[in-house]
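whatever this is, show me its structure:
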Amino acid sequence: MRRHRLSIAALFALAALMAIVWVARQPRGEPSPAPSTGGERVAEAMKPRSDRAVAPRPGVSTGFLRGQVLDADGLPAQGSEVRVLAGEQRLASAFSGADGGFTLGPLEPGEYSLVASAGRGASARGRSALASERLGPIPLAPGEDLGGLILHLLPGGSLAGVVRDAATDEAIEGAALELSGLGAKSDRVGAFRIDGLTPGALRLRVSAPGYEVRELPLTLGAELVTGLEIRLSRGTQIRGRVVDGAGRPLAAALVVVPYRLQAGVRRPAGASGADGSFAITGPAGMFWVEAQSAQGDAGRSELLDVAAGGERDGVEIRLEEAAAFQGNVIDAAGELVVGASVQVTAGDRLLGSGTTGADGRFAIPRIPSGRVQVVALQGEARGRVGPLEVREGEAVELTIQLGGETLRGHALEAGGRGIEGASVAIWPEGGPRSLATVVVTGAGGAFEASGLPGGPLRIEAHFDSLLGERRGVFAREGEVQLVLSGGALVGLVLLEGRPAADFVISASPLEAGQGGGRSQGFLASDGRFRLPLAPGDYEVRASAAGAPVTAARAKVPERGESTELVLELLPGGVIEGRILDAETEAPLEGARVSLRRSGTFAFAQAEDAPGAPQGLSAADGSFRLIGAPSGRMPLFAFKPGYRPIRPVAVEVRPDQPAWVEVRLSPDGRDAAAEEAYGGIGLTLGSSSDGAVIAAEVIGAGPAFAAGIRRGDRILEVDGLALEGERLLSLAVQRIRGPVGTPVTIGLRRGDTDFRVVVVRAELRY
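Reported below is the predicted structural model:
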């Protein structure tokens, strides 16, 4: 049994090789909308095929989903396409029969959503294609045959726009767009149109050969939305092979995992052939390529760091022997539990599941090595072990104890009145949401949840349009008051005086303890956005490709929408240059260049986090940053194996690119020995009086999401006060820890002390 350790994210569905299409560049102009992919054409194009359907893993007990599609009059809707989704991924589809009935399966245990659509109406007015509301999440137990699912068809939405190259603004032909299980391809002028879309909050996936994949949220009604402009950035070309432990070539599915401060981004990339070879498109920056065979063995490449448009050959992925879990589940009193469900998860992804038998034991085979959690559920009781670092081929023996803590509280409106009938979900910080205990509030908004594990808890509640959240709550500290509100930040983003179509909004609370920050990307032809937030005052930042960040302040009410905020973006300047070896004058490939010190995290920011431009140098040492603010800017450069330098001052002008050469000196260390650790996306500093402060909070990172702001004073970590000498190094030491574990931080903002719980993520420096 090998003991070599690799950090592997877990199982993923066997993906097919993506077809290579020609990317044609066309001059900018008004596009003619591509033919609709609605109705029967979509149904034919998206029928489940052997290269699209996700096959159940061997040995997994599968189930079925059955139901009926009805039209607006409540009559059976024959010939409607019903799609089963896991998140936004389309797994399979079926067509309703004469009675509107459908059957989907076999499906592995998990949570799914269903949507249905039908062709264009026969009305002379050319009604939009029909679509159902999304039904789900629907939990499917092992071996369950779940029926009685009803989908009602109503007028659906349509989406039309154009896909362009982010750097050249030229049209991209053949870009694939996927939304709610439907798809389309852009035509020769980059135009596309998708009909029959489910109204509501959706997530659009856009990909094209040679470009990075983008996933964008948008809200759609039962109307045609036109004028969208989606920009894709050049990706990287990765070639290599997949082998087993003995070096024999293997066919396997491939997934790209971009490095992010927040985990969860996984993008199917293709598959290796029978000879083990593969050629895929990856993102720019840091990422891994994962591979998994049909038998469940998995492996991960080394961490790749490639500039946009760059190539990497000779990448080898060795598949490891899968691990296995076994053990027992006990209750709070230490007695064996029969019939408990046990799940192995990585983040919110289910890797495998089992059930305890009459002897209280469970067995779950074929789990890839890496960082996982094991959770047990029976009734309302929950238990968790992890995160654990599982080694290749390891046989893991566990005892999972169901929790014995009880949390009581009230769900209240902002005015203090209790809310009866609110749904409250409670689960451990850092644990998967599948571990949540869900209760409904009674008279006066009171709720009680028992069987909870110890440690900090996360709470989410909703009632109609009201939402509420608390993080870092401890059951032992007494009753919790959870305030639900229905406020939202609304506004308009302009780019050179015209509505921006593709932009990011970030809101950070100004008041101490008000709540966490939130960032979201928007795709909106009219430049408008709506971001639900807890009531209070916020700093709001907007950004778009090629434009520096702009900021303003706004107040979100307890109910309804804020006063419309108008944020105007102006084109930024361009910085070009080269990174050279100070001793040899040779160009340096893969050096990180940024206008912020935190750029040393290189592409750690999520796509929905506004930030300063950053990039990697190419093989000839060249780099190009677009969207830089005008004026004198500090430029940071970093490369493993070289000494960091003081920032280089660059004068940025909007009318012409700035040029700079940066020379880095070798430091004698192994260039591959890049430090990785568990942190929260926070750069610490010292105030004039010696206190530890948050010097910089990285957008969309754990600290930002928890509500920490630049300038907050750090008072204590996990209940231990920062006292004595060398406070800064002491704070760093205490905040760092195992990835996936929570850390409680006491802070002071102005005259107010408050506390947040932050879950550590993997950081690289």
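
low-confidence ranges in the stretch 201-350 of the chain?
Using pLDDT under 70 as the threshold, the predicted model of the stretch 201-350 of the chain has low-confidence ranges 262-264.

strands of that one, residue ranges please.
For the stretch 201-350 of the chain, the strands defined by DSSP state E, counting those that start in this stretch occupy 214-220, 224-232, 236-243, 253-258, 267-271, 277-282, 285-292, 298-300, 304-306, 311-318, 323-330, 341-346, 349-355.

so what angle separates the directions of the longest one and strand 214-220?
Angular relation of strand 224-232 and strand 214-220 on a 0 to 180 degree scale: 160 degrees, by axes from the mean of the first three to the mean of the last three CA atoms, to 10 degrees.

from the chain's centroid, how far away is strand 224-232?
Relative to its chain's centre, strand 224-232 lies at 22 Å (CA atoms, centre = their mean, to the nearest Å).

I'd like to know which elements that strand is packed against.
Packing contacts for strand 224-232, counted by 3 or more CB pairs under 8 Å, 6 or more residues apart in numbering; DSSP states H and E, involve strand 157-165, strand 200-207, strand 214-220, strand 502-509. In short, each C-beta sits where N, CA and C put it, glycine included.

neighbouring strands - and their directions - for the following helix or strand past the last one?
Heading C-terminal from strand 502-509, the first helix or strand you meet, by DSSP states H and E, is strand 518-523. Sheet pairing of strand 518-523 (DSSP bridges) gives strand 502-509 (antiparallel).

what angle separates the strand it pairs with from strand 157-165?
Strand 502-509 and strand 157-165 meet at an angle of 100 degrees, taking the same axes, to 10 degrees as the criterion.

could you dump strand 502-509 to CSV, C-alpha only?
Provided in CSV are the C-alpha atoms of strand 502-509 (Å, rounded to 0.1, in the frame of the first residue of the first chain):
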residue,chain,number,x,y,z
ASP,A,502,-20.6,42.0,-17.4
PHE,A,503,-19.4,43.3,-14.0
VAL,A,504,-18.8,42.5,-10.4
ILE,A,505,-20.4,44.0,-7.3
SER,A,506,-18.8,43.6,-3.8
ALA,A,507,-20.4,44.9,-0.6
SER,A,508,-18.5,45.1,2.7
PRO,A,509,-20.4,46.0,6.0
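
redo the strands of the stretch 201-350 of the chain as JSON lines? Include mean neighbour count and distance to residue 618.
Formatted as JSON lines, the strands of the stretch 201-350 of the chain follow (neighbours: other CB atoms under 10 Å; distance: least, CB to CB, whole Å):
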{"stretch": "strand 214-220", "mean neighbour count": "18", "distance to residue 618": "22"}
{"stretch": "strand 224-232", "mean neighbour count": "17", "distance to residue 618": "19"}
{"stretch": "strand 236-243", "mean neighbour count": "21", "distance to residue 618": "11"}
{"stretch": "strand 253-258", "mean neighbour count": "24", "distance to residue 618": "19"}
{"stretch": "strand 267-271", "mean neighbour count": "21", "distance to residue 618": "22"}
{"stretch": "strand 277-282", "mean neighbour count": "20", "distance to residue 618": "15"}
{"stretch": "strand 285-292", "mean neighbour count": "25", "distance to residue 618": "13"}
{"stretch": "strand 298-300", "mean neighbour count": "26", "distance to residue 618": "25"}
{"stretch": "strand 304-306", "mean neighbour count": "22", "distance to residue 618": "10"}
{"stretch": "strand 311-318", "mean neighbour count": "15", "distance to residue 618": "10"}
{"stretch": "strand 323-330", "mean neighbour count": "21", "distance to residue 618": "40"}
{"stretch": "strand 341-346", "mean neighbour count": "24", "distance to residue 618": "34"}
{"stretch": "strand 349-355", "mean neighbour count": "22", "distance to residue 618": "34"}
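
could you export the ones you listed as JSON lines, including distance to residue 408?
Below are the strands of the stretch 201-350 of the chain laid out as JSON lines (distance: least, CB to CB, whole Å):
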{"stretch": "strand 214-220", "distance to residue 408": "35"}
{"stretch": "strand 224-232", "distance to residue 408": "45"}
{"stretch": "strand 236-243", "distance to residue 408": "52"}
{"stretch": "strand 253-258", "distance to residue 408": "40"}
{"stretch": "strand 267-271", "distance to residue 408": "42"}
{"stretch": "strand 277-282", "distance to residue 408": "49"}
{"stretch": "strand 285-292", "distance to residue 408": "43"}
{"stretch": "strand 298-300", "distance to residue 408": "43"}
{"stretch": "strand 304-306", "distance to residue 408": "49"}
{"stretch": "strand 311-318", "distance to residue 408": "50"}
{"stretch": "strand 323-330", "distance to residue 408": "25"}
{"stretch": "strand 341-346", "distance to residue 408": "26"}
{"stretch": "strand 349-355", "distance to residue 408": "30"}
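
among the ones you listed, which comes closest to residue 500?
Distances from residue 500 to each of the strands of the stretch 201-350 of the chain were compared using CB to CB; the shortest belongs to strand 224-232, at 9.2 Å.

return the alpha-carbon coordinates of stretch 648-659 using PDB.
Below are the C-alpha coordinates for stretch 648-659, written out as PDB (Å, rounded to 0.1, in the frame of the first residue of the first chain):
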ATOM      1  CA  VAL A 648       8.500  49.300  -8.600                       C
ATOM      2  CA  ALA A 649       6.800  52.600  -9.200                       C
ATOM      3  CA  VAL A 650       5.000  52.900 -12.500                       C
ATOM      4  CA  GLU A 651       3.300  56.000 -14.000                       C
ATOM      5  CA  VAL A 652       0.000  54.900 -15.600                       C
ATOM      6  CA  ARG A 653      -1.600  57.100 -18.200                       C
ATOM      7  CA  PRO A 654      -4.900  56.400 -20.000                       C
ATOM      8  CA  ASP A 655      -3.700  57.400 -23.400                       C
ATOM      9  CA  GLN A 656      -0.600  55.100 -23.800                       C
ATOM     10  CA  PRO A 657       0.800  51.900 -22.200                       C
ATOM     11  CA  ALA A 658       3.400  52.200 -19.500                       C
ATOM     12  CA  TRP A 659       6.500  50.100 -19.900                       C
END
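
contacts for it?
The contact list for stretch 648-659 (CB atoms under 8 Å, 6 or more residues apart in numbering) reads 570-577, 624, 628-635, 637, 660, 662.

swap in 7 Å and give it another go.
Residues from elsewhere that reach stretch 648-659 (CB atoms under 7 Å, 6 or more residues apart in numbering): 571, 573-577, 628-635, 660, 662.

wait, which of these is closest to residue 265?
residue 628 (26.1 Å).

OK, contacts around the closest one?
Contacts of residue 628 were listed using CB under 7 Å, 6+ apart, and they are 548, 572, 573, 574, 575, 595, 613, 652.

got it, and residue 151?
With contacts taken as CB under 7 Å, 6+ apart, residue 151 has the following neighbours: 67, 69, 82, 114, 116, 132, 135.

coming back round to it: same list (the helices and strands packed on strand 224-232) but as a markdown table, adding distance to residue 344.
What follows is the helices and strands packed on strand 224-232, written out as a markdown table (distance: least, CB to CB, whole Å):
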| stretch | distance to residue 344 |
| --- | --- |
| strand 157-165 | 37 |
| strand 200-207 | 26 |
| strand 214-220 | 26 |
| strand 502-509 | 34 |
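
now tabulate the contacts of residue 151 in TSV and tack on secondary structure and pLDDT.
Supplementary listing: the contacts of residue 151 in TSV, determined by DSSP: H, G, I helix; E, B strand; the rest coil; pLDDT from 0 to 100:
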residue	secondary structure	pLDDT
67	strand	95
69	strand	94
82	strand	93
114	strand	93
116	strand	91
132	strand	88
135	strand	89
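
which of those has the most neighbours?
In terms of neighbour count, residue 116 stands highest of the contacts of residue 151 at 32 neighbours, by other CB atoms under 10 Å.

could you dump the contacts of residue 151 to TSV with distance to residue 701?
Written out in TSV, the entries for the contacts of residue 151 read as follows (distance: CB to CB, whole Å):
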residue	distance to residue 701
67	41
69	43
82	39
114	34
116	39
132	37
135	34
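
nearest to residue 566, of those residues?
Checking the contacts of residue 151 one by one against residue 566 (CB to CB), the nearest turns out to be residue 132, at 36.5 Å.
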